[in-house]
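K.L.:
Just need the structure, nothing else, for what follows:
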Amino acid sequence: MSSSLPLAAAKIALAPALLWQGRQVRRRALRLPEAAGARAGSVGEGSEPALRLLIVGDSSGAGVGAAHQDEALAGHLSRALADRLGGSVHWQLLATTGHSSADALQALQAAELAPADVLVTALGVNDVVGQVSPRRWLELLARIDALARQRAGVSYTLHSAVPPMHLFPLLPQPLRWLLGAQAAQLNRSLAAALQDRSDRGLQAMPPLMGAGSAAALMAEDGFHPGPAGYQLWAETLTERLARELPQITFSSR
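P.N.:
Residues are numbered from 1 along each chain as shown. The predicted model follows:
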């Protein structure tokens, strides 16, 4: 199906099939638990942290597809950053299965937050499923960024791009194509909005997550990363943050 077909027209034309497929996916989807383990901690050497990290997200942030947070995004990312920076990383995770960006904003408003230098977001899949417009999504992410700065002292925010949903094994066609196209639309809109920002960035998913080997990096539900996928994702975020950190003046220190 050509990606040049306008999404609005596609949704109208495909509406009966999309509604039926959506119901089938919800009925048949394997529901995996969030990763077990603490939602805050410290890794690496040194009493004074080299970095204080806040992760806000949905089920992928919560580690669905991994047995423990050590194997999920928070564990892999905090360890990779500690190794790269040569010091300790204090981290806090605020993520819940099913959360859209609006839900994440409410959770951030209500949570008790530790001081943080960097915010990493893992949001967007549920916004795509919920048909949130790009304009509304950008507004919600901006509010999450502003609130994290106000409440935790965050100096830099790295938004993880919406994953390539057109490759999710769980999703049938044409639902897979449509959700993938909408995910790409959100990413393009966010990239355009942040192109002149030095205090916020957008990091694309690792190339292998969008290649033929993507299925091998995913959990058995065909919708979330598995431990290998989380490790690859964390390494990509670490490389980006390592490039950005020397240019950041931490406001909360």
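K.L.:
how close does the residue nearest to residue 86 when sequence neighbours are not counted get to residue 110?
P.N.:
In space, and not counting its chain neighbours, residue 86 is closest to residue 50: 7.0 Å by C-beta to C-beta, 6 or more residues apart in numbering. From N, CA and C alone the C-beta is placed, and that goes for glycine too. Between residue 50 and residue 110 the distance is 29 Å, computed by C-beta to C-beta, to the nearest Å.
K.L.:
now swap in residue 189 and tell me
P.N.:
28 Å.
K.L.:
Which one's more surrounded, these two?
P.N.:
Comparing residue 189 with residue 110 by other C-beta atoms under 10 Å, the one with more neighbours is residue 189, at 15 against 8.
K.L.:
Now tell me which helix or strand of the protein has the poorest mean pLDDT.
P.N.:
The helix or strand of the chain with the lowest confidence, counting by mean pLDDT, DSSP states H and E, is helix 7-28 at a mean of 61.
K.L.:
For the residue nearest to residue 86, the count of nearby residues, please.
P.N.:
Using other C-beta under 10 Å, the number of residues around residue 50 comes to 18.
K.L.:
try residue 164
P.N.:
Residue 164: 17 surrounding residues under other C-beta under 10 Å.
K.L.:
likewise residue 188?
P.N.:
Neighbour count of residue 188, defined by other C-beta under 10 Å: 13.
K.L.:
Assign it to one of the three secondary structure states.
P.N.:
helix (DSSP: H, G, I helix; E, B strand; the rest coil).
K.L.:
ok but residue 53 is inside a helix, no?
P.N.:
No. Assessed with three-state DSSP, residue 53 is strand; it does not lie in a helix.
K.L.:
Skip the chain neighbours and tell me the closest residue to it.
P.N.:
Spatial nearest neighbour of residue 53, chain neighbours left out: residue 91 (4.3 Å); criterion: C-beta to C-beta, 6+ apart.
K.L.:
helix/strand/coil for that neighbour?
P.N.:
Of the three states, residue 91 takes strand under three-state DSSP.
K.L.:
if I pick it, what's in contact with it?
P.N.:
By C-beta atoms under 8 Å, 6 or more residues apart in numbering, the contact set of residue 91 is 40, 41, 42, 43, 52, 53, 54, 55, 74, 77, 78.
K.L.:
who wins for neighbours among those?
P.N.:
Using other C-beta under 10 Å as the neighbour criterion, residue 74 leads these with 32 neighbours.
K.L.:
thought it was touching residue 89?
P.N.:
No. Counting by C-beta atoms under 8 Å, residue 74 sits too far from residue 89 to count as a contact (10.4 Å).
K.L.:
Can you tell me the SS state at residue 56?
P.N.:
Assigned by three-state DSSP, the conformation of residue 56 is strand.
K.L.:
my guess is it contacts residue 121, does it?
P.N.:
Yes. Contact criterion C-beta under 8 Å: residue 56 and residue 121 qualify, at 5.2 Å.
K.L.:
and the two? which has more neighbours close in?
P.N.:
Taking other C-beta under 10 Å, residue 56 and residue 121 do not tie; residue 56 has more neighbours (30 against 24).
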